[in-house]
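**Student:** I would like the atomic coordinates for the input below:
(2 chains)
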Amino acid sequence: AQSVTQPDIHITVSEGASLELRCNYSYGATPYLFWYVQSPGQGLQLLLKYFSGDTLVQGIKGFEAEFKRSQSSFNLRKPSVHWSDAAEYFCGLESNSGYALNFGKGTSLLVTP
Amino acid sequence: DTGVSQDPRHKITKRGQNVTFRCDPISEHNRLYWYRQTLGQGPEFLTYFQNEAQLEKSRLLSDRFSAERPKGSFSTLEIQRTEQGDSAMYLCASSSPSGGLIQETQYFGPGTRLLVL
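**Tutor:** Below you'll find the model as predicted:
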């Protein structure tokens, strides 16, 4: 069975501090993994995605993620968080169907001054 | 490219009423998806269209739900005899086949938030 787990429901970081959001997956083959961000009143926006190749993926807004097969993880990182990064972050993978996306439950990021 | 649009953005209805939502995908995208997002959860897949053909329906899509995509352009999602459990955000996404090994990206609209009283 395929699944995505985001262990942290809420994360609070200070502006300027580094960030790491955790994501673990369960999938039989090499998964297509992604991170989306959802701001209040906004649609989901793709930050980055991984399917093959370099396991360190660069995304928009200064985010990056590293695929670690041995740990079944795809953690999202940012070296210095800005107040505008406060949002809900969703990790996920593409299902066996090849089009339906399976999302984790999300991690809510709060950025303090 | 104006992005995916959805209408209405908010809908309040009474239990038992029918509601219909509309999604306009990015113009050149031939694939369209509906997802449902409840509070504290990630989006859950409901159904998928390629052009006008509905190729998959999730088990979440009960008989009260129906989706159409006439002429392969905009899509509508109708819920008949709404129940309080239908209260959620309904998200639409669209994509275009990218070919090769590059996985296509699904672009999401802002969603329609439904509240059933």
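
**Student:** Name the SS class of A:S70, please.
**Tutor:** State at A:S70, reduced to three classes by DSSP: H, G, I helix; E, B strand; the rest coil: helix.

**Student:** Now for the residue nearest the centre of chain B: which residues touch it?
**Tutor:** Central residue of chain B (CA atoms, centre = their mean): B:W34, 2.8 Å from the mean position. Residues counted as contacts of B:W34 (CB atoms under 8 Å, 6 or more residues apart in numbering or on different chains) are B:23, B:45-48, B:67, B:75, B:77, B:90-93. Glycine gets a C-beta too; all of them are placed from N, C-alpha and C.

**Student:** what helix or strand is it on?
**Tutor:** Taking DSSP states H and E as the criterion, the element that holds B:W34 is strand B:31-37.

**Student:** can you count the residues close to whatever residue of chain A ends up closest to chain B?
**Tutor:** With CB to the nearest CB, the shortest gap between chain A and chain B falls at A:F103, namely 3.0 Å. When counting by other CB atoms under 10 Å in any protein chain shown, one arrives at 21 neighbours for A:F103.

**Student:** For it, list the residues it contacts.
**Tutor:** Counting by CB under 8 Å, 6+ apart, the residues that A:F103 touches are A:4, A:36, A:90-92, B:42-44.

**Student:** with the contacts of B:W34 in mind, which one is nearest to A:Q71?
**Tutor:** Using CB to CB, the shortest approach to A:Q71 within the contacts of B:W34 belongs to B:F45, at 26.2 Å.

**Student:** who touches the helix or strand encompassing that closest one?
**Tutor:** Secondary structure from DSSP H and E places B:F45 in strand B:44-50. Contacts with strand B:44-50, where a contact means CB under 8 Å, 6+ apart, come from A:95, A:97, A:99-103, B:30-38, B:54-58, B:60-61, B:65, B:67, B:69, B:72, B:75, B:77.

**Student:** Drop anything exposed from these.
**Tutor:** By the neighbour-count criterion of 16 or more other CB atoms under 10 Å in any protein chain shown, the contacts of strand B:44-50 include these buried positions: A:95, A:99-103, B:30-37, B:54, B:56-58, B:61, B:65, B:67, B:69, B:72, B:75, B:77.
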